[in-house]
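**Q** fold the following and give me the result.
(chains A and B)
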Amino acid sequence: MSELVLIGIVSVFTAGITVAIGSISNALGQGRALAQALQSIAQQPDESNSITRTLFVGLAMIESTAIYCFVIALILIFANPFWSAVSGG
Amino acid sequence: MTLSPDEIIYFTVGPFNVSATLVFTWVVMLVLVVASWLVTRNMRASAPFTRGQHVLEALVAFLLKEIQDVTQHDARPYLPFVGTLFLFIVTSNVLGIIPGFHQPAGSLMTTAALAVAVFFAVPAFGIRRVGLGRYLRSYVEPSPLMLPFTIIGEVSRTLSLAIRLFGNVMSGSVIVVVLLSITPLLFPVVMQAFGLLIGVLQGYIFAILAIVYIASATTIDSARLEAEPKSTSSQKEAPHE
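**A** Modelled structure (predicted):
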């Protein structure tokens, strides 16, 4: 098995695992945040505006971790630095 | 498959490549400017408003209220900056539904430029509101040990602003391309509709986060600025009571 094949296998596998773990943990966190926000809105409907805005901001913050995983997966697949270093391209 | 509109280069001027990112940023700017010019050309102050004026006024009122809610003081100084961010991102993301349009926000260059603008706007607004010395003191506020963490926080939140917008917009177009090769009939349309929602939401989130960062540089200090005279005066009054 040549180096290129090995790098290809490891990169694709790692990219899949990265997105999988990243999205699982992220979904758990966002689900918790959403459930809590819905409960707060049910308790205090008057504050729903500020709760919703804070929820969006918080979800965006949490989501950025999943986006990091996604970007790293894309780098591994489409712009792999190790692949370019070995193949010389 | 082209991941980023940076890779499509139309022509070269000297050392600069005029890529699809740049061209479609100009298109968005042109759309915004022409639309605003058409609407504000015959603005009225009284009853029969044009439809465009209704849209723009509702938009400005919405932005003013959102900024007001976050900063807790006058929203007008922040409206031009934050409103431009919101309008530019939302317009560029919504125009992505047009075939052949490459969203400028799908390139890390555009989003990094926007995030760097926020990075410099935060101290600018902070210094303008609370003064240079007081703003700089907020970096070493609880103790000078916090200085590196505050600086790292400023840089990393700029990075996350850029990568968040880029990742969302780019993943939307990548998913459509992937679905086109698997199930070309219906699902790409559904995902594009979803991409519209994500695009508007990301524009909103980018603008809101920009205000939150600006507010963190302006309001905490001004709260202490208002609290300090009160505490000293109450200490002086206390012996009399």
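**Q** now do the contacts for residue 60.
**A** Answering for chain A, as no chain was given. B:164, B:202, B:205, B:209 (Cβ atoms under 8 Å, 6 or more residues apart in numbering or on different chains). Heads up, the C-betas are built off the backbone N, CA and C, glycines and all.
**Q** correction: the question concerned chain B.
**A** Counted by Cβ under 8 Å, 6+ apart, residue B:60 has contacts B:79, B:83.
**Q** pLDDT score for it?
**A** pLDDT, residue B:60: 92.
**Q** re the thing from before, how about the contacts of residue A:60 in TSV, adding pLDDT, secondary structure and neighbour count?
**A** Shown next, in TSV, are those (pLDDT from 0 to 100; DSSP: H, G, I helix; E, B strand; the rest coil; neighbours: other Cβ atoms under 10 Å in any protein chain shown):
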residue	pLDDT	secondary structure	neighbour count
B:164	90	helix	25
B:202	90	helix	24
B:205	90	helix	24
B:209	90	helix	24
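**Q** farthest-apart pair in those, please.
**A** B:202 and B:209 (10.3 Å; Cβ to Cβ).
**Q** spatially nearest residue to the most centrally placed residue in chain B (excluding sequence neighbours)?
**A** What sits nearest the mean C-alpha location of chain B, by Cα atoms, centre = their mean, is residue B:207, with 3.4 Å. Ranked by Cβ to Cβ, 6 or more residues apart in numbering or on different chains and with sequence neighbours excluded, the top spatial neighbour of residue B:207 is residue B:86, at 3.9 Å.
**Q** may I have the strand or helix carrying residue B:124 as CSV, with CA atoms only?
**A** Assessed by DSSP states H and E, residue B:124 sits inside helix B:108-130. Listed next in CSV are the C-alpha coordinates belonging to helix B:108-130 (Å, rounded to 0.1, in the frame of the first residue of the first chain):
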residue,chain,number,x,y,z
LEU,B,108,-13.8,32.7,3.1
MET,B,109,-12.3,36.0,1.8
THR,B,110,-15.6,37.8,1.9
THR,B,111,-16.6,36.6,5.4
ALA,B,112,-13.1,37.2,6.7
ALA,B,113,-13.3,40.8,5.4
LEU,B,114,-16.7,41.3,7.1
ALA,B,115,-15.4,39.8,10.4
VAL,B,116,-12.3,42.0,10.3
ALA,B,117,-14.6,45.0,9.8
VAL,B,118,-16.4,44.0,13.0
PHE,B,119,-13.0,43.4,14.7
PHE,B,120,-12.0,47.0,14.1
ALA,B,121,-15.5,48.5,14.6
VAL,B,122,-15.7,47.2,18.2
PRO,B,123,-12.8,49.2,19.6
ALA,B,124,-13.8,52.2,17.4
PHE,B,125,-17.3,52.3,18.9
GLY,B,126,-16.0,51.5,22.4
ILE,B,127,-13.4,54.3,22.3
ARG,B,128,-15.9,56.8,20.9
ARG,B,129,-18.3,56.1,23.7
VAL,B,130,-16.2,55.6,26.8
